[in-house]
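Colleague: here is the input, now give the coordinates:
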Amino acid sequence: MPAKKADLLKVECDSGFLGTQGHKNMESDPNFNHDASYAPLQDEEANVTLFSKAGFFSTMSFWWLNPFMKQGKKKILEESDIPRLRYTDRAQSCYLKFTDQLSKKKHKGTSESFSMFAVAEGEAAFKHEGYVLAGGLFLAKCLESFSDRQWFFRTRLIGLQVRSFLSSAIYQKQLHLSNAAKVTHSPGEIVNYVTVDAYRIGEFPYWFHQIWSTTVQLCLALAIVYYSVGLATVAALIVIILTMLATSPLAKLQHKYQIKLTLAQDKRLRAIVEALANIKVLKLYAWEKHFKNVIEGLRQEESKWMLSVLSLKVSLDRIVKFLKAPDLENRNVNVYGKIAYVSQTSWIQTGSIRENILFGSPMDPLRYQEVIRRCSLVKDLEMLQVGDLTEIGERGVTLSGGQKQRVQLARALYQDSDYILRVFYWRGKANMPCGQEYVIGALSRKTVLLVTHQVDFLPAFDSILFMTEGKILKASTYDQLLACCQEFQNLVNADNVTVGSEKRQTKYPSFRESKTSKSELQRNYDEKQLSLSLGDQLIKKEERKTGQIGLKPYIQYLNQNKGFLYFSLAASSDLSAVDLDVAFRMNTTLGSVMIACSGYGILAILTWPVLFLIIPMVCLAALLQRYSFASAKELMRTDGTTKSLIASHLGESIAGATTIRAFGEEEQFFLKNLDLIDRDASPYFHNFSANEWLIQRLEILYAIVLSFSALAMTLLNFGASASGFIGMSLSYGLSLNVHVVFVVQNWCLQESSITSVERLEQYMHIPSKAPDVVFSHRPPPNWPVTGQVKICDLKGITCIYEGGQKIGIVGRTGSGKTTLISALFRLVEPTEGMILIDDIDISTIGLHDLRSRLGIIPQDLTLFSGSVRYNVDPLSEHTDQEIWEVLEKCQLREAICKRNEGLYSLVMQDGSNWSLGQRQLFCLGRALLKRSQILVLDEATASIDNATDSIIQKTIRREFAHCTVITVAHRIPTVMDCDKVLAMSDGKIVEFDEPSKLMNKEVSLFGKLVREYWSLSGNASI
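Modeller: Just a heads-up that it's a prediction; the model follows:
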């Protein structure tokens, strides 16, 4: 087997993929200790599979699996009960073998039935020959069982190793993928390479050996037939050759269809990933139905190619193409010291807040508490039941935009790096004490590279590189640039106009927090650890069904649309399994059961005494199967959940690849990926081992039945037709082995596939939202007319926005501003109180009727794969002329005209080929095109420079002069000319009045925020 293993690895390596040029790899780093870094696995050596210590007999009989099977019968298995793989089969070991082979390549450039006939006819060669032949038959079948089971077990094991190193190689590759290659390989496609293609290739060793062994068996069969019937065998041979020639064009056609199916799956997956990642935005714009129709259309296109059989070559070609894609080029930049990076768009990992801040570094309680304090996260953590141990979900879904940014800042500050690279667009919010404390205090002794279009902090920096149109126009100090560069003067003047130049000169005392003593920090940390409980998390883990599967998932499958069609025609990984595995395996399993039953029936009819053996054997086989399935079904379910973890981690790493590289944490994330691969491989390994354990025992039972039948044939008198009856009996009996094995294998695989139906059904029955349309309570077609908004006792909030008023909402991060907007759009349903728009209770109408009548420029800047036109008007409700007019108003026309395709210029996934500011202008264009009577600006100009912000604010005032405009403030000046300002704190209204009146109050939250803003703007210095 080791030779076969090496050959398989060499086949993959000979393709010459996995470009590693241009970056440092863990396998080539002489200072990298693989064993030490793989600590998570080595800490659990006590729970390693017994296969690693099994002797010859235990290995051949799968005796090493007995304790695990016994445990599975006694209790419902959890993931922690499943033993780890032996080191040789783990992802790290497989990946190192792969890279080692790659490095080397680079440096090189039966006749038993005829005896039965004779004995049955009374022509035995010696006394008791029948008993000897029957015993010999039993031993031969046992030997066949032992060898076959090891054969299939070892090929599955090799396939597992191939799957593991391919998954590892794909993950390693995506960390260093060039920007040009990302255009060709979208995040959804890369996830597909692992969850579909790598798994499909992992099945290749098993089926490869089936191919050559079948060929050998066919040749032997032809030789036996020729020995028996002579030249008549030629006719059979001609038929076989003609059949192969006839199926050759069909195989090519199948390959063509498989390519189309794979491309259709990629398109559908890309659309689903985009929709799910930006589901909040889709709800705000009331685009859910449109995107649902788009995905259903892609699904129908995919269904056209659904009946084709899986093609290994397609999967292999796709992975080879990806691994050959160009890597990032190394720039000759010498950096001495450790780097930390804060990205322009917040990147938050799945996990707890603490894990996001530590980012793999060991916990230092004193430094950790100091970072929390400096980044103004203390109050946020106090509001959470489990504090910094709170699980925050994918992309930090449970955090506000400001909280995500401050977690990012805390992550960079905790690393205590020598260099801080920061793309910083946030300014003027109520969390600006964090900004001053962070930039001015914590980073005062660091080398800081700040990329920004704001000028607030620029006087504090030693040198400024002023850029325009991708080139450095001038490099100097702030004062020198202000004196000699007209373009820089224009930028600063625009900022003065926005902020208010007369206020910028006002000096205010510093509001830096006093330094807390180390003993107090330690005491606070210890007290918090004692009070935390992990019971109440915001994010719940994926549920896993337990117990007997039963017929329910099969009925659910057949009841779904086209279920019967797929069943009769045999036509994301769960959806792929439902599409291509369930129906095929259901058909083959039923077919094999029918053939096996007919074989047993013939044996029973011709050799009736065997019934006394068949009946108890069948009962014993049923008991064995139930005993085995007690463990197998939980292994199948665990395999489904662990595969989801791999896909989630991969998708997360793709989104945060820049941050991971900047922190130099590629090894940490790669090792976590190896651990997840092993966690997924372990239940799969024990699952197919349990299948072989079961099949081997069933085959032994079958061998007993067949041997007893053969013995009965030698003892019973069949008369003149003895040879015919015996030949037919043995023919069915010998083939019965194949069919029994096929039944069990397919039934096990079927039960594995049907768990995908379970998981999909479980997801489908998650409690859904309110209906899109309530036909008995539909608002008038022109609603809202005046745009009056009444908030009545909504968790203690009561206020009225009159129609046509301009309302500003301010408050520190986490004060409840965005939650109030979510309630207006019914992203969250209020448990008490109500919101009335033009005297209609919004909770009584459909979600689509509500959201489609409101306009919003959301906090999340979302663009979708497609064209400029599609991103501005996805529903195709407006003419090109109307779209061009809107693009002119939001300062995008010039940028789009520079691209040859105009309105049909390419927009990549997440809008990655457009700047963050341009993405925000796209969102503004959508609002201008919609023309709603109520417009909500949820920190709508957070990523735009002051000059552009000034133009946008004027555009909004002009275009929505008679509309109700609700502005969640990012910059304090944007709400200074509002009719009223609503100041919030801790989810409650603190004050609600005209800005000038609030400013004149002695104690005013709004006044305090304004003073803090101007103080920071006027006194930024290090």
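
Colleague: pLDDT weak spots in the stretch 251-400 of the chain?
Modeller: Scanning the stretch 251-400 of the chain for pLDDT under 70 picks out 251, 254-255, 258, 303-313, 331-333.

Colleague: list the contacts for S592?
Modeller: Going by Cβ atoms under 8 Å, 6 or more residues apart in numbering, S592 touches H739, F742, V743, N746. Yep, even glycine has a C-beta here, placed from its N, CA and C like the rest.

Colleague: hmm, try it at 6 Å
Modeller: S592 makes contacts with H739, F742, V743, as judged by Cβ atoms under 6 Å, 6 or more residues apart in numbering.

Colleague: swap in G656?
Modeller: G656 touches W347, counting by Cβ under 6 Å, 6+ apart.

Colleague: kindly recompute the last result at 8 Å.
Modeller: Each residue near G656 by Cβ under 8 Å, 6+ apart is listed here: S343, W347, Q349.

Colleague: quick check: it vs F685, distance?
Modeller: Per Cβ to Cβ, to the nearest Å, G656 is found 30 Å from F685.

Colleague: ok, L861 next?
Modeller: When distance is defined by Cβ to Cβ, L861 is 44 Å away from F685.

Colleague: same deal with F152?
Modeller: 13 Å.

Colleague: who has more neighbours out of these two?
Modeller: The neighbour count for F152 versus F685, taken as other Cβ atoms under 10 Å, is higher for F685 (25 against 19).

Colleague: could you pull up the mean pLDDT of the host helix or strand of the more buried one?
Modeller: Assigned by DSSP states H and E, F685 belongs to helix 666-715. When pLDDT is averaged along helix 666-715, the result is 87.

Colleague: helices or strands up against that helix?
Modeller: Judged by 3 or more Cβ pairs under 8 Å, 6 or more residues apart in numbering; DSSP states H and E, the packing partners of helix 666-715 are helix 39-42, helix 66-74, helix 91-108, helix 112-120, helix 129-174, helix 583-606, helix 611-655, helix 722-764.

Colleague: show me what contacts T974?
Modeller: G808, T941, D949, Q953, T967.

Colleague: number of nearby residues for the residue lying closest to A710 once chain neighbours are set aside?
Modeller: Distances taken as Cβ to Cβ, 6 or more residues apart in numbering put A134 closest to A710, at 4.7 Å, once the chain neighbours are dropped. By other Cβ under 10 Å, the residues close to A134 number 23.

Colleague: now, of the contacts of S592, which are buried?
Modeller: Buried subset of the contacts of S592 (neighbour count, 16 or more other Cβ atoms under 10 Å): H739, F742, V743.

Colleague: what sits against the second one?
Modeller: So that's F742. Going by Cβ under 8 Å, 6+ apart, the list of residues near F742 reads T588, S592.

Colleague: against L160, how distant is the closest residue to N47 other than its chain neighbours?
Modeller: Spatially, and ignoring its direct neighbours in sequence, N47 is nearest to P83 (5.2 Å; Cβ to Cβ, 6+ apart). Applying Cβ to Cβ, the value for P83 to L160 is 15 Å.

Colleague: likewise for T714?
Modeller: Distance, T714 to L160, by Cβ to Cβ: 45 Å.

Colleague: which one's more surrounded, the two?
Modeller: More neighbours surround L160 than the other of T714 and L160, with 22 against 18 (other Cβ under 10 Å).

Colleague: test my guess that that one contacts I201.
Modeller: No: using Cβ atoms under 8 Å as the test, L160 is too far from I201 to be in contact (11.3 Å).

Colleague: distance of G297 from I896?
Modeller: As judged by Cβ to Cβ, G297 and I896 stand 27 Å apart.

Colleague: check contacts around the closest residue to V1010 other than its chain neighbours.
Modeller: Distance criterion Cβ to Cβ, 6+ apart; nearest residue to V1010, sequence neighbours excluded, is I972 at 5.5 Å. I972 makes contacts with G428, V810, L1009, V1010, Y1013, as judged by Cβ under 8 Å, 6+ apart.

Colleague: where does the stretch 801-950 of the chain dip in pLDDT?
Modeller: Confidence mapping of the stretch 801-950 of the chain against pLDDT under 70 gives the ranges 940-948.

Colleague: how about 80 then?
Modeller: Low-confidence segments of the stretch 801-950 of the chain, defined by pLDDT under 80: 812-814, 859-860, 909, 916-917, 939-950.

Colleague: which residues in it form helices?
Modeller: Assigned by DSSP state H, counting those that start in this stretch, the helices in the stretch 801-950 of the chain fall at 817-824, 847-851, 868-872, 880-889, 893-897, 916-930, 946-959.

Colleague: turn those into JSON lines, including distance to M764 and mean neighbour count.
Modeller: Formatted as JSON lines, the helices of the stretch 801-950 of the chain follow (distance: least, Cβ to Cβ, whole Å; neighbours: other Cβ atoms under 10 Å):
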{"stretch": "helix 817-824", "distance to M764": "25", "mean neighbour count": "21"}
{"stretch": "helix 847-851", "distance to M764": "19", "mean neighbour count": "20"}
{"stretch": "helix 868-872", "distance to M764": "29", "mean neighbour count": "21"}
{"stretch": "helix 880-889", "distance to M764": "37", "mean neighbour count": "17"}
{"stretch": "helix 893-897", "distance to M764": "41", "mean neighbour count": "15"}
{"stretch": "helix 916-930", "distance to M764": "31", "mean neighbour count": "21"}
{"stretch": "helix 946-959", "distance to M764": "41", "mean neighbour count": "18"}
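
Colleague: figure out which of the ones you listed is closest to I357.
Modeller: Set against I357 and scored by Cβ to Cβ, the helices of the stretch 801-950 of the chain come closest in helix 817-824, at 22.1 Å.

Colleague: could you dump that closest one to CSV, C-alpha only?
Modeller: The C-alpha trace of helix 817-824 is given here as CSV (Å, rounded to 0.1, in the frame of the first residue of the first chain):
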residue,chain,number,x,y,z
LYS,A,817,-29.0,54.2,16.8
THR,A,818,-28.8,51.5,14.2
THR,A,819,-31.2,49.3,16.3
LEU,A,820,-33.8,52.1,16.0
ILE,A,821,-33.3,52.1,12.2
SER,A,822,-33.6,48.3,12.2
ALA,A,823,-36.9,48.6,14.0
LEU,A,824,-38.2,51.1,11.4
